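**Q** Build me a structure from this.
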Amino acid sequence: MKKTLLVAIGLALAVPAFAHDNQGGKPKPVACDELTGLKLEDTTITLGQLLPAGANPTPVGTIALPICRVVGVTEPAVQFEVWLPSSGWNGKFQLVGNGGTAGVISYAAMRTALARGYAVASTDTGHVSSGSFDSTWALNRPDLVADFGHRGTHVTAVNGKAVTRAFYGQKATYSYYVGCSKGGQQGLMEAQRYPEDFDGLIAGDPANNWTRFYAGSHLWYSMATLKDPESYIPASKTALLGNATRAACDAIDGIVDGVIDDPRKCKFDPAVLTCQAGQDPATCYTPKQVKAIKDIWSGVKAPWGEVVHPPLVPGAEGGAGGWAAWTTGAAPFTGLHWLAADGFFRYMVFENAGYNPMTYNFTSDLLFSLAKVGPSLDAVDPDLRKLHKRGSKLIVYHGWSDPDISPLNTINYFESVVDFNARRHDERKEALERTQDFFRLFMVPGMQHCSGGPGPNSFDMLTALENWVEKGQAPKRVIASRVTAGVVDRTRPLCVYPKVAVYTGVGSTDDAANFQCRKPREERNHGGHEDDDDDD
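**A** Here you go, the predicted structure:
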């Protein structure tokens, strides 16, 4: 009873003070410059400013449409902005996510939402970062780590919707969340911890298994290539591995198109690239470099036997956004995996600026790491019953060629939700259908981290989500495009996992119209009815 009363009081405090129409009690719109007087729990609105189209305030950048720009802060330091179209509002609210360790307002993503008519919000999650993977702000501040992990996004969702309601005199008809990478973690955290915040969520390439990801991926890949200087692989040699994996595995799906559709089927052994006597070292790998590649592809095991975090898969190596950016960098200790791991373990986990992550011991330190920051950062709960009951919809996507976060982790999370539902209902097929009633996963062949890569990697998940939430039209496929020199030269359907795009055998393989979404062949051969698999 006491807990219920406290929750009720908290909700009452969160309701803004609106001006009311004397005749019916209906909230009247609040002028932009008067929004600074809005009463929100633990929150101060510092700016309410009308901006004309073409305005270019620092650091916002150019605003294409006229807006009311609202700036606020929620204690202790969660900075946020809300942009409200002065005209042409679509009646909806959107919150956009962050990348890396956040610490900035996502202005570019806000502009994208604004162009679709949304009232849109973004937050720095409670701190200011000096770079994509700056974690110095976290030193001895577990409260800021919690804000970064989940609270900052939640309070911004609540406040952003309240500001929207005050300005327009009516609440948004629908609320959406859109994010990728750290933003994907934020989306799954919202779905798990705060299911009442949104009607629909998009979580791309999610870093949801955060603590294990930083230990078993960021740090492990760095150890594999940096602990022994002779194991380091120069960026100039990443294309060698990328070309070899593609040559060995591209045709497995029956089409030679420069894309490994499902890297789980690729059994390429990098040992075939070991340097032979007299061979040009630029065309091969030393035995230690080969071992580093194998270590990255196999992952590191926890003391109790399981892999700490699913490893990278073949096909993510080539291109500027591949291993050259994430694993090797331009020189040792400049790759993004190392920069991420270095700051995380120094400032968040061990809270010691002098700590050397290369001394991390997976036997003794992993459990400490999980206990220390996991409760604030990890979004791995498979129980999404409250989200389902609310009627919200969740779309998750992941690039198969992601060199940052293993796509296997996202598949594992989806399967964990299905397994959770299967434990409550005996039949797994029914559990899958029940899960897909509100949660659909799309794997993107050839896409790197959130974008880029050799496959079609440009797609509109938001329209698919809007149609699902607002019209009840569950997405069966989403068309992805590859753009080269400004021209679309290939389209493919992205299918609802576990279905995959299968070529019909007629027409161009660069045209999505010539593909159907079907169960993988191995599933059809084990009791499936092939005629039932077509999504058209």
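**Q** Can you pull out the low-pLDDT segments for the stretch 301-450 of the chain?
**A** 424-426 (pLDDT under 70).
**Q** Quick one: the strands in it, in order.
**A** 393-399, 439-444 (DSSP state E, counting those that start in this stretch).
**Q** With the stretch 1-150 of the chain instead?
**A** Under the criterion DSSP E, counting those that start in this stretch, the stretch 1-150 of the chain carries strands at the ranges 19-20, 27-28, 43-51, 67-74, 78-85, 92-96, 119-123.
**Q** Export the strands of the stretch 301-450 of the chain to TSV and append columns for distance to Lys39 and mean neighbour count.
**A** C-beta coordinates here come from the backbone N, C-alpha and C atoms, glycine included. Shown next, in TSV, are the strands of the stretch 301-450 of the chain (distance: least, CB to CB, whole Å; neighbours: other CB atoms under 10 Å):
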stretch	distance to Lys39	mean neighbour count
strand 393-399	32	27
strand 439-444	36	24
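**Q** Looking at those, spot the one closest to Gln49.
**A** Smallest distance to Gln49 across those (CB to CB): 33.8 Å, for strand 393-399.
**Q** what distance separates that closest one from the centre of its chain?
**A** 8 Å (CA atoms, centre = their mean, to the nearest Å).
**Q** quick one: it to strand 439-444, angle?
**A** If you take axes from the mean of the first three to the mean of the last three CA atoms, to 10 degrees, strand 393-399 sits at 20 degrees to strand 439-444.
**Q** and strand 393-399, which strands flank it?
**A** As defined by DSSP bridges, the strand partners of strand 393-399 come to strand 200-204 (parallel), strand 439-444 (parallel).
**Q** ok so, going back, out of the strands of the stretch 1-150 of the chain, nearest to His398?
**A** Nearest to His398 among the strands of the stretch 1-150 of the chain is strand 92-96 (18.6 Å), distances taken as CB to CB.
**Q** That closest one: partners in the sheet, and parallel or antiparallel?
**A** If you go by DSSP bridges, strand 92-96 pairs up with strand 119-123 (parallel), strand 174-180 (parallel).
**Q** what does it contact?
**A** With CB atoms under 8 Å, 6 or more residues apart in numbering as the test, strand 92-96 has contacts from 106, 109-110, 112-113, 117-122, 153, 156-157, 160-161, 164, 172-179, 183, 198.
**Q** Same question for stretch 465-480.
**A** 174, 176, 199-202, 392-393, 395, 436-437, 440, 442, 444, 447, 455-461, 464, 491-496, 512, 517, 535.
**Q** Check the protein and tell me which residue is nearest its centre.
**A** Gly184 (2.4 Å; CA atoms, centre = their mean).
**Q** pretty sure that one contacts Gly99?
**A** No - using CB atoms under 8 Å, Gly184 makes no contact with Gly99, being 9.6 Å away.
**Q** now the helices for the stretch 101-250 of the chain?
**A** In the stretch 101-250 of the chain, the helices defined using DSSP state H, counting those that start in this stretch lie at 107-115, 142-146, 152-168, 182-193, 210-213, 220-226, 238-249.
**Q** Go through stretch 275-289 and flag the buried ones.
**A** 275, 284-285, 289 (16 or more other CB atoms under 10 Å).
**Q** What is the nearest of these to Gly305?
**A** When the buried residues of stretch 275-289 are compared for distance to Gly305 (CB to CB), Gln289 wins out at 27.6 Å.
**Q** who does the helix or strand hosting the closest one touch, helix- and strand-wise?
**A** Gln289 belongs to helix 287-298 when elements are defined using DSSP states H and E. Secondary-structure packing of helix 287-298 (3 or more CB pairs under 8 Å, 6 or more residues apart in numbering; DSSP states H and E): helix 220-226.
**Q** on that earlier part again, count of residues packed around the residue nearest to the residue nearest to the centre of the chain when sequence neighbours are not counted?
**A** Nearest-residue entry for Gly184: Pro206, 2.8 Å, with adjacent residues in sequence omitted and distances by CB to CB, 6 or more residues apart in numbering. When neighbours are counted by other CB atoms under 10 Å, Pro206 registers 28.
**Q** pLDDT score for Pro206?
**A** At Pro206, the pLDDT value in this model is 98.
**Q** which ones are touching it?
**A** 180-181, 184-185, 187-188, 379, 396, 398, 405, 409-410, 413.
**Q** Then Thr173?
**A** By CB under 8 Å, 6+ apart, the residues touching Thr173 are 91-92.
**Q** so where's this structure uncertain?
**A** 1-25, 424-426, 522-536.
**Q** what about 90?
**A** Within the chain, the stretches with pLDDT under 90 are 1-27, 423-429, 520-536.
**Q** Please tell me how far Arg490 sits from Ile202.
**A** Separation of Arg490 from Ile202 (CB to CB, to the nearest Å): 23 Å.
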